[in-house]
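Participant: let's see this in three dimensions:
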Amino acid sequence: MTPAARAQAAIELLDLVIAAARDDGAAADTLIARYFRDRRYAGSKDRRAVRDLVYRAIRAWGDRPLSGRAALAGLARDDADLAALFDGSAHGPEPLRADEPVPEAALLPSWIVPELAGLIDDAEQAALLNRAPLHIRANALVATREALLPHWPDAQPIATTRQGIALPAGTDVEKDPLLASGTVEIQDAGSQIIAEACEVRAGMTVLDLCAGAGGKTLALAADMGGEGRLIAADSVRDRLARLVPRAARAGCSGMIETLLLDPGREARSLAHLEGQCDVVLIDAPCSGSGTWRRNPEARWRLTPDRLDRIVALQARLLAVAAPLVKPGGRLVYAVCSLIDREGRDQVQQFVRLAPLWQARRAIDAGRPWGEGTLLTPRHDGTDGFFFAVLEKPC
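Facilitator: Modelled structure (predicted):
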């Protein structure tokens, strides 16, 4: 592919990403893979160059651009080399026009900024779009972090976690036999911190209410030493199904029960656990604003109406979970979001309605925020999270 053809391919892909963001379609990575599956003539250098250009444009614009051409033309305003690729050649984009529409310069959607936690200043906002580091977790059921560190050159322990390891960018963990064997799991340090904040122990009854594919479930199982009752619940069958082979690899499938919930009727499916759980973790569905550095096009998917629906769901899940906790037990609420309505405000509302519950700071990481803790990419080197540990009165 010529450089101009790569620019045109990036425009076509950006059109697909923009449409998918508008219509709740496939993720950018999936769209890029599909695009090149049908274009075998594109070599590895072509694919890498196009992908880099697509993500450069996605990261540049907070509000969803009108089109892929507008997104790339906006970059070309300040990049003469890129502007030169709009040359009208056979496989390249048409020349730029003087009145070419381009997006407004902003890293985040304009309506989101007032919704962010007060600790998210300009530097923190910029860090939300930086490339994410690669973190893994040693599976304490089969290995220690210290024993695994020599396996990778330049691997570093993550000080705020018990089992976390930071690997250099570009480390090919996906093909590492330690991942295939369940000895390690790919997991951001923030997720590891939240699992540790649950303070689970062997013999407990623990519910992971929104388990998804089970990343935090596996961390909880390791902290429980493989002993106890651990229920992984979710309303999406495909997500729960992915946990089963992961648990088998990690050596903890015998202690994990999976429970498929009926959306809107979760309380009915969980009634048998009322007052039985030592710990309930709600890793609640959220805007994902704390993971924009991994999924920057997610900024283009979020709307005020969608945020309203998410906030209502989070409040309902808190109400469902509270009766399941035994007296003296803990409810841990977490969102991978830095929007106050999803984090700080949800917990403050819960405590107002249930004033006997006590919030407590369970782990020395992040910064206190309201009744909980805020983790941010710039301050903590993690994805963005809010979490709170709430203790039920005896």
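Participant: can you pull the poorly scored residue ranges out of the stretch 1-150 of the chain?
Facilitator: Across the stretch 1-150 of the chain, nothing is flagged by pLDDT under 70.
Participant: for the residue nearest to residue 390 when sequence neighbours are not counted, what are its contacts?
Facilitator: Using C-beta to C-beta, 6 or more residues apart in numbering and skipping the chain neighbours, the partner closest in space to residue 390 is residue 331 (4.5 Å). For the C-beta atoms, the positions are set from N, CA and C on the backbone; glycine is no exception. The contact partners of residue 331, taken as C-beta atoms under 8 Å, 6 or more residues apart in numbering, are 279-280, 282, 318, 321-322, 325, 357, 389-392.
Participant: so residue 331 is in which element?
Facilitator: Secondary-structure element containing residue 331, defined by DSSP states H and E: strand 325-335.
Participant: give the buried residues for that strand.
Facilitator: If you call a residue buried by 16 or more other C-beta atoms under 10 Å, then strand 325-335 has these buried ones: 325-326, 329-335.
Participant: tell me, how many residues neighbour residue 168?
Facilitator: Number of residues near residue 168 (other C-beta atoms under 10 Å) recorded here: 12.
Participant: still on that earlier bit, report the backbone C-alpha coordinates of the strand holding residue 331 in PDB.
Facilitator: Only the C-alpha atoms of strand 325-335 are listed here, as PDB (Å, rounded to 0.1, in the frame of the first residue of the first chain):
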ATOM      1  CA  VAL A 325     -24.500  -9.400  53.100                       C
ATOM      2  CA  LYS A 326     -24.500 -11.000  56.600                       C
ATOM      3  CA  PRO A 327     -24.300  -8.800  59.700                       C
ATOM      4  CA  GLY A 328     -20.700  -7.600  60.000                       C
ATOM      5  CA  GLY A 329     -20.000  -8.500  56.400                       C
ATOM      6  CA  ARG A 330     -18.800  -6.200  53.600                       C
ATOM      7  CA  LEU A 331     -20.200  -4.800  50.400                       C
ATOM      8  CA  VAL A 332     -17.500  -3.600  48.000                       C
ATOM      9  CA  TYR A 333     -18.800  -1.300  45.200                       C
ATOM     10  CA  ALA A 334     -16.600  -0.500  42.300                       C
ATOM     11  CA  VAL A 335     -16.800   1.100  38.900                       C
END
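Participant: partner strands of that strand, with direction?
Facilitator: Based on DSSP bridges, the pairing partners of strand 325-335 within the sheet are strand 277-283 (parallel), strand 385-391 (antiparallel).
Participant: C-alpha coordinates for the last one, PDB please?
Facilitator: Output for strand 385-391, consisting of C-alpha atoms alone and laid out as PDB, is shown next (Å, rounded to 0.1, in the frame of the first residue of the first chain):
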ATOM      1  CA  PHE A 385     -11.600   3.400  39.300                       C
ATOM      2  CA  PHE A 386     -13.800   4.400  42.100                       C
ATOM      3  CA  PHE A 387     -14.400   1.900  44.900                       C
ATOM      4  CA  ALA A 388     -15.800   1.800  48.400                       C
ATOM      5  CA  VAL A 389     -15.800  -0.800  51.100                       C
ATOM      6  CA  LEU A 390     -19.100  -0.700  53.200                       C
ATOM      7  CA  GLU A 391     -19.500  -2.700  56.400                       C
END
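Participant: which other helices and strands does the top helix by length along the chain contact?
Facilitator: Secondary structure of the chain per DSSP state H: the longest helix is helix 3-23. Packing contacts for helix 3-23, counted by 3 or more C-beta pairs under 8 Å, 6 or more residues apart in numbering; DSSP states H and E, involve helix 28-37, helix 44-60, helix 68-76.
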